[in-house]
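> Predicted coordinates and the sequence they were generated for:
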Amino acid sequence: MGIRFQIMTILRTINAKPPKNKHDTESLRAKSVCCLLLALFFFPVSIFSFWRVHDADGMLFLALTVLCTSGAFLVRRLYRQGAISLLFCLSMLAIAVCAALWGCSYILLMSILMIPVLTSSLCGIKYGSITGALLIPYLFLLFYTPLSGRLSATYSSEIRAFFPIMYAVISTVFFIFYYFMHKQSLDKRQNEQTLEKAVNAEHDKLMAMTTQTILSISNAVDARDAYTKRHSSRVAEYSVMLAKSLGWDARRMEQLYNIALLHDIGKIGVSDSILKKHASLTDAEYEAIKQHAVIGGEILKDLTLLPNASIGAISHHERYDGTGYPYGLKGAQIPLEARIIGIADAFDAMNSSRVYRSKMAPGYILQELQAGRGRQFDPELLDKFLPIAEQILESNVM
């Protein structure tokens, strides 16, 4: 049972495709160069064989030249063990069979020793080991049975006696070498995947805790004014909806959600008498409330758990035409996350009742959003957000 299990483990390892890694490019380039060098060696030898009237040797050397040249250019596809790999190995096998049966040159016979090395290197351990193993019984039958009478008379008695054994030893040695190289590569990739899963799991736990903490902070900010309750949460939700329409991945949207939750954290530093004032703000009071963007940026600038956390707080009141605050950024100077949050923030502000006014009508909200296209809002982002806004307004009515 133990031996059977070990055999099955070896077979599964051999059958597994080699994992991709950052060193593949350099390795495949080196293999390609080696194939070209072999082709440059075999081609003049084939010409020489034709000149010496060894027709079979010349044809086989020419076939090796063509195969090595094709291997140099197809090395990337061969390495992934597809149909081309199988065709390449079968061609090498056919050349080896013909070379042992009809060849006259020692060079041609010795080139058979390279076949398990070449096929394993180019096509991977799976096809290389099969090709190498199939030649072993063939060579033993050809050299050690009455079939040996078909061998070339030019071969010495030593070659006839030891060539199959030499080939079997070389094939076995290189099989063991490539097998352990392949297994090491698979084990390394498995360890990397295990570590990556563990890191991702820890990251997800940490982000979940971070999100809960950030949500508590944003709720505390919103709780200062009953009219803005859940404002930060809604802005975060609308921001993610817009980001999703832009094709963002889940992790980036999660980060945006947390950044949006904290976009108004700077209001902690603004007096309640200003935030809750029913009458119009004086110029001095308006300047004071505008400082919440700067205050928020200062609070969040050192938050390492959430990179770029401060950009939502400090830049969500910047305008696309450069007339916003606090720094008058324009167009692409405004971080993308801040441009998204700015649209979501303005939409929720109009779609909510405030201490100084009632909630605006859906038609008026859409009209105001359109009026801000290219002035307050990024035109491309606004075009993506308008269908989302219409959907939200329709659901509110229903």
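Looks like it arrived, so ask away.
> how does the chain divide into domains?
Each domain of the chain is listed here as a residue range: 2-194, 223-397, per automatic domain parsing.
> what's the closest non-adjacent residue to His182?
Ile125 (4.4 Å; CB to CB, 6 or more residues apart in numbering). C-betas here are computed from N, CA, C, even on glycine.
> My guess is that neighbour contacts Phe177. True?
No - using CB atoms under 8 Å, Ile125 is not in contact with Phe177, being 9.7 Å away.
> quick one on the thing from earlier: so which of the domains of the chain comes closest to Ile214?
Smallest distance to Ile214 across the domains of the chain (CB to CB): 4.9 Å, for domain 223-397.
> pLDDT (mean, whole number) over the closest one?
Domain 223-397 shows a mean pLDDT of 85 in the predicted model.
> How far does it sit from its chain's centre?
Relative to the centre of its chain, domain 223-397 is centred 33 Å away, using CA atoms, centre = their mean, to the nearest Å.
> which secondary structure elements does the helix or strand encompassing Thr211 contact?
For Thr211, the element it lies in under DSSP states H and E is helix 157-222. Helix 157-222 makes packing contacts with helix 2-15, helix 106-111, helix 115-123, helix 125-144, helix 231-245, helix 250-261 when contacts are defined by 3 or more CB pairs under 8 Å, 6 or more residues apart in numbering; DSSP states H and E.
> Then Gly247 would be within a strand, right?
No - Gly247 is assigned coil when assessed by DSSP: H, G, I helix; E, B strand; the rest coil, not a strand.
> Run a quick neighbour tally on it.
Using other CB atoms under 10 Å, Gly247 has 7 other residues around it.
> got the phi/psi numbers for it?
Gly247 adopts backbone torsions of phi 90, psi 20, taken as degrees, to the nearest 10.
> so what's it up against?
Going by CB atoms under 8 Å, 6 or more residues apart in numbering, Gly247 touches no other residue.
> and it, how far is that from Arg373?
Gly247 sits at a distance of 21 Å from Arg373 (criterion: CB to CB, to the nearest Å).
> now do Met92
To Arg373, Met92 is 65 Å away according to CB to CB.
> Next: Leu139.
Using CB to CB, Leu139 is found at 78 Å from Arg373.
> try Gln6
For Gln6, the distance to Arg373 - CB to CB - is 69 Å.
> neighbour count winner among the two?
It is Arg373, of Gln6 and Arg373, that has more neighbours when counted by other CB under 10 Å, with 16 against 10.
> Surely that one is in contact with Glu380?
No - using CB under 8 Å as the test, Arg373 is too far from Glu380 to be in contact (9.8 Å).
> Which residue is the nearest non-sequential neighbour of Ala133?
Using CB to CB, 6+ apart, the nearest residue to Ala133 is Ser171, at 7.1 Å.
> what about the one you found, how many residues close to it?
Count around Ser171 with other CB under 10 Å applied: 23.
> Many thanks, I have nothing further to ask.
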